[in-house]
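[1] Following is a predicted model, sequence given first.
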Amino acid sequence: MLFRQRDVFPPPDRATPEGVLAVGGRPEPDLLLAAYSRGVFPWPHEGTPLLWFCPDPRFVLVPTRAHVGRSLRKTLRRGLFEVRADTAFQEVMRACARRKRPGQRGTWITRDMIRGYTALHERGFAHSIETWQDGRLVGGVYGLSLGSVFYGESMFAEVPDASKVAFATLLGNLVHWDFQLVDCQTYTDHLASFGAEEWPRDEFLAALDDALQAPTRMGPWHLELGPAEVEEEIAAAQRRQTSDSG
């Protein structure tokens, strides 16, 4: 898969200990595609030019190894939410930008970031998975898809479990579509509870190169599995893996 400007980024081993690989530029669509194809992502910091990261280790989730906890399984089966894809992309980004995070002033989801990712959404590369309740958007997750990789960017919830249901529904559909990786970028307890793990950067980049050989599933996405169905999809994939390894 060829992305324009792909070679604008230096080799990943030149990143600082904090993971900073490059400085400057703007989150424009072609540059974003080039970055993600190299395992690089933008992370704006107030008062500095745009920073581009390729950290070591990398936080990664293999969809077929995902863990769906007992409480969440019950919520998925209860049908409390309607889950949609790609019907409110910019609204999800703006809701994520408004979300208050401990120890963080402001938001890294700037107007430039919203413009850049919205343009990628319009091209079919960026996607939102949304939870709705009584006709109101109450949670969701957004990110980028290339090959058989989903790069998760951010999520929000206005009611309990709304973002978890969106993410679990996404994972089940990614399993159904044979996705190999979810790039979670850096550690969070929330994503660790789903089974995300820290991988050495070299291991992640090798797996990324392999996953990018698959065709990109362009948008708009239409979910083939609803919340009540995703648990069994993930469980069935794990049973197949166990059988194959045996």
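    That came through, no problem.
[2] Residue 108 - nearest residue in space that isn't next to it in sequence?
    Spatial nearest neighbour of residue 108, excluding adjacent residues (CB to CB, 6 or more residues apart in numbering): residue 44 at 4.7 Å. All C-beta atoms are positioned from the backbone trio N, CA, C, and that covers glycine.
[3] hang on, that neighbour in a helix?
    No. Under the criterion used here (DSSP: H, G, I helix; E, B strand; the rest coil), residue 44 is coil, not part of a helix.
[4] Return the helix or strand in the protein with minimum mean pLDDT.
    helix 227-245 (a mean of 90; mean pLDDT, DSSP states H and E).
[5] how about the residue most central in space within the chain, secondary structure?
    In the chain, the centroid-proximal residue (CA atoms, centre = their mean) is residue 152; its distance is 1.2 Å. Classification of residue 152 using three-state DSSP returns strand.
[6] what sits against it?
    141, 143, 167, 182-185, 191 (CB atoms under 8 Å, 6 or more residues apart in numbering).
[7] what packs against the longest strand anywhere in the chain?
    When the chain is scanned for its longest strand (criterion: DSSP state E), the result is strand 136-146. Secondary structure elements in contact with strand 136-146, counted by 3 or more CB pairs under 8 Å, 6 or more residues apart in numbering; DSSP states H and E, are helix 29-37, helix 89-98, helix 111-123, strand 126-133, strand 149-157, helix 162-176.
[8] got any ranges where the chain has weak pLDDT?
    Applying pLDDT under 70 to the chain picks out residues 1-6, 101-106, 245-246.
[9] change it to 80
    1-7, 99-107, 243-246 (pLDDT under 80).
[10] Beta-bridge partners for residue 145, please?
    residue 150 (DSSP bridges).
[11] So for residue 55, what's the nearest residue that isn't a sequence neighbour?
    Per CB to CB, 6+ apart, closest to residue 55 is residue 19, 3.1 Å.
[12] And that neighbour, how far from residue 82?
    37 Å (CB to CB, to the nearest Å).
[13] between those two, which one's more packed in?
    Applying other CB atoms under 10 Å to residue 19 and residue 82 shows that residue 19 carries more neighbours, namely 21 against 15.
[14] Make sure that one is actually in contact with residue 52.
    No. Counting by CB atoms under 8 Å, residue 19 stays clear of residue 52, with 9.4 Å between them.
[15] Was I right to think the residue nearest to residue 108 contacts residue 52?
    No. If you go by CB under 8 Å, residue 44 and residue 52 don't touch, sitting 10.1 Å apart.
[16] Settle it for me: which of these two has more neighbours?
    Counted by other CB under 10 Å, residue 44 and residue 52 do not tie: residue 52 has more neighbours, with 24 against 16.
[17] Helix or strand: which one has the nearest residue to that one once chain neighbours are set aside?
    Distance criterion CB to CB, 6+ apart; nearest residue to residue 52, sequence neighbours excluded, is residue 22 at 4.1 Å. Using DSSP states H and E, the element containing residue 22 is strand 20-23.
[18] Just the buried positions in that strand, please.
    20-22 (16 or more other CB atoms under 10 Å).
[19] Tell me the helices and strands packed up against it.
    Using 3+ CB pairs under 8 Å, 6+ apart, strand 20-23 sits against strand 51-53.
[20] from the chain's centre, how far out does the very next helix or strand once past the strand it packs on sit?
    Tracing the chain C-terminally past strand 51-53 and defining elements by DSSP H and E, one meets strand 58-61 next. Taking CA atoms, centre = their mean, to the nearest Å, the mean C-alpha location of strand 58-61 is offset from the chain mean by 10 Å.
[21] try stretch 56-71
    With CA atoms, centre = their mean, you get 12 Å for stretch 56-71.
[22] Ok, which of the helices and strands packed on strand 136-146 comes nearest residue 74?
    helix 162-176 (11.2 Å; CB to CB).
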